[in-house]
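A.B. asks: using only what follows, build the 3D model:
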Amino acid sequence: MGKLTEQPLAELIREISIKGLSGTLRLEHERMQTAVYFDKGQLIYAAANLRTLRLRDYLVKRGLVSEDDHAKLANGLPDLELAEELAKDGTLRQKDIDALLVILVSDILRVSLLWTDGSWDFNGRARLADPVCVKVDTGTLFREAAHRISHSFVSGRFRNPNEMIARASEVSPTTNFRPAESFILSRLDKPLMLEELISLSGLPELETQRVLYGLALSDFVTREYWQNAFRTETAKPSEVPSATPAAPTTTAKPEQSDNWLSASIENEDLEVFLNRLRTATNHYQVLELPATAKTSEIKDTYYAMARRYHPDRFHLKSGTKVHAEISSAFARVTQAYETLTNPNRRAGYDHTLERSRKFAEEEAKRLAKTGQPAKSAEGVDPNLANSETGASRAEFSFREGSGALEQGRIRAAIEYLSNAARLEPQEARYRAYYGRALAADANTRRLAEHEFQAAIKLEPTNADFRTMLAELYFELKFHRRAQTELDRALSIDRNNAAANQLLRKLAKTRKVG
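C.D. replies: Okay, the predicted model is just below:
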């Protein structure tokens, strides 16, 4: 028996799983109660006293029972008995009931995993009488919960900055990691102290802690310190069911294997990657995949690239021209991944590519006849727009991209401005506005810093570029960094309107804080 402030549900489930315990874990939070059932460490079922988390409510909301069957729902049967009755009389097929129970149990856990106050009690003698085993993906639920639990609670789970963190011995590349999770795992080529990993991650401290907490709960990384709730000896590994689905064996290519490559990638390999990105004209070429590639192939390729080419892996080159190019290249990789793994975005992008191809064919015919190019059509891929020189193609892309940015079409802006920055990497305004477009999207915001810094290095006395960087730091809540860049911008141009406006925002934030 204990308090959820000391042992939250996710940590309890993980420990019960590792130690192979059987019994019932009961939680109470305010007036809500949950019971989670285990058999030899495996979570087999969960139930709650909330009406909205009962089987009959799910049946009604999903329209799975007719008006005539409503009477069966009013007989007060427990959920598992109700499920058995519905299957026996043929109201629902057993496979439909099983699928609904997975959804129901997952939703119960989603709610309960967020409780950070209340009490818990585990009874090893209390067993579930019904022969049921609802298999839920607890690993994914844990990682979701880590991103939703309160800031203060997550920070409180990491009290020792010298705690050693290591990657698990086996991590499947097919696991559906978020980009930030993949980045953190890519840094753990060897065990690191917590404070060292936070420093190397390139992410805000809280975000790093959230990612680490979710990965640790799912056993993708190991921690030196856990606050155990049970004194029971740990079961033998062969007897302990995993809290997450076992990673399937794979015969994939080396770069998609379970071996995470060293940060010291051969220069020749890196140069091949950068050369390929310089000539890539669309998302499929960026990922080196055919247009028919499946989503799973796209994810595998992206995670393999993240392990090998993410800018954070080259922190020793920070501030150099090479590091700026790596950052720009990987921003394109991220953009390609996010577009092609979203069915709606991918369909729209494929349509754009087809329009671009037809536009290029028509333009070639028109040029052959008239010698005059036509105005670009909306949505045409900037890489395929006609022009005679790289500089003019870059300027075309910059105009289209900055216009899209003003109109709030962030995806189009990133596409065009990425192309401009790639074609003319020494043009500071291209790099700065590409950074501004990246900053406008939460998924690429962290990559924007590299572009702003590249622009400032090219034009150190440009107050606008320094203000853009300060705005990014302000959005990320790095207020000291924002103040430093603002001071530099105002020392160059004390009347800069954007800098002065941000200065007032900073002052107001300090007063509120």
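A.B. asks: work out for me the element E325 sits within.
C.D. replies: Secondary structure assigned from DSSP states H and E places E325 in helix 321-340.
A.B. asks: least confident secondary structure element in this structure?
C.D. replies: Across the helices and strands of the chain, mean pLDDT, DSSP states H and E gives its lowest value to helix 70-73, namely a mean of 62.
A.B. asks: show me where the stretch 101-250 of the chain has strands.
C.D. replies: Here the stretch 101-250 of the chain has its strands, by DSSP state E, counting those that start in this stretch, at 119-123, 164-167, 192-193, 221-223.
A.B. asks: and the helix holding E325, what does it pack onto?
C.D. replies: helix 267-279, helix 283-287, helix 295-309, helix 343-370, helix 410-423, helix 428-439, helix 445-458 (3 or more C-beta pairs under 8 Å, 6 or more residues apart in numbering; DSSP states H and E). Quick note: C-beta positions are derived from backbone N, CA and C, even for glycine.
A.B. asks: what's the angle from that helix to helix 267-279?
C.D. replies: Interaxial angle, helix 321-340 versus helix 267-279 (axes from the mean of the first three to the mean of the last three C-alpha atoms, to 10 degrees): 60 degrees.
A.B. asks: what mean pLDDT does helix 321-340 have?
C.D. replies: Helix 321-340 shows a mean pLDDT of 80 in the predicted model.
A.B. asks: mind checking how far E400 is from A448?
C.D. replies: Separation of E400 from A448 (C-beta to C-beta, to the nearest Å) stands at 19 Å.
A.B. asks: so for the two, which sits in the more crowded spot?
C.D. replies: The residue with more neighbours, out of E400 and A448, is A448; 26 against 22, by other C-beta atoms under 10 Å.
A.B. asks: about what we covered before: so which of the helices and strands packed on helix 321-340 comes closest to E11?
C.D. replies: helix 295-309 (27.0 Å; C-beta to C-beta).
A.B. asks: for the closest one, buried residues please.
C.D. replies: Using 16 or more other C-beta atoms under 10 Å as the test for burial, helix 295-309 gives 297-309.
A.B. asks: cool, and stretch 135-150?
C.D. replies: 136-146, 149.
A.B. asks: what angle separates the helix or strand harbouring T484 from helix 445-458?
C.D. replies: Per DSSP H and E: T484 is located in helix 479-492. Orientation check (the same axes, to 10 degrees): helix 479-492 against helix 445-458 gives 30 degrees.
A.B. asks: can you list contacts of the following helix or strand past helix 479-492?
C.D. replies: Remark: after helix 479-492, the chain's next helix or strand is helix 497-512, criterion DSSP H and E. For helix 497-512, the external contacting residues (C-beta atoms under 8 Å, 6 or more residues apart in numbering) are 463-464, 466-467, 470-471, 474, 479, 482-483, 486, 489-490, 493.
A.B. asks: quick one: residues contacting the residue minimising distance to the centre of the chain.
C.D. replies: Of all residues in the chain, the one closest to the mean position by C-alpha atoms, centre = their mean is R178, 2.8 Å from it. Contacts for R178 were tallied using C-beta under 8 Å, 6+ apart; they are 143, 211.
A.B. asks: how close does it get to T140?
C.D. replies: Note on R178: its distance to T140, by C-beta to C-beta, is 10 Å.
A.B. asks: for the buried residues of stretch 135-150, which one is nearest E205?
C.D. replies: For these, the nearest to E205 is A146 (14.4 Å; C-beta to C-beta).
A.B. asks: excluding sequence neighbours, find me the nearest residue to that closest one.
C.D. replies: Counting by C-beta to C-beta, 6 or more residues apart in numbering, A146 lies nearest to G214, which is 3.3 Å off, once chain neighbours are set aside.
A.B. asks: what does F158 give?
C.D. replies: Closest to F158 by C-beta to C-beta, 6+ apart is Q209, at 5.4 Å.
A.B. asks: ok, the one you found to A180 distance?
C.D. replies: From Q209 to A180 the distance is 11 Å (C-beta to C-beta).
A.B. asks: what about G2, how many residues close to it?
C.D. replies: 13.
A.B. asks: er, L64 I mean
C.D. replies: 15.
A.B. asks: for P343, same thing?
C.D. replies: 9.
A.B. asks: ok, R210 next?
C.D. replies: Neighbours around R210, by other C-beta under 10 Å: 24.
A.B. asks: that one against H147, yeah?
C.D. replies: Yes - the criterion here is C-beta atoms under 8 Å, and R210 meets it with H147 at 5.4 Å.
A.B. asks: what distance do you get for the nearest residue to P311 once chain neighbours are set aside to R436?
C.D. replies: Excluding the flanking residues, the one nearest P311 by C-beta to C-beta, 6+ apart is S327, at 4.4 Å. Using C-beta to C-beta, S327 is found at 15 Å from R436.
A.B. asks: fine by me, thanks again.
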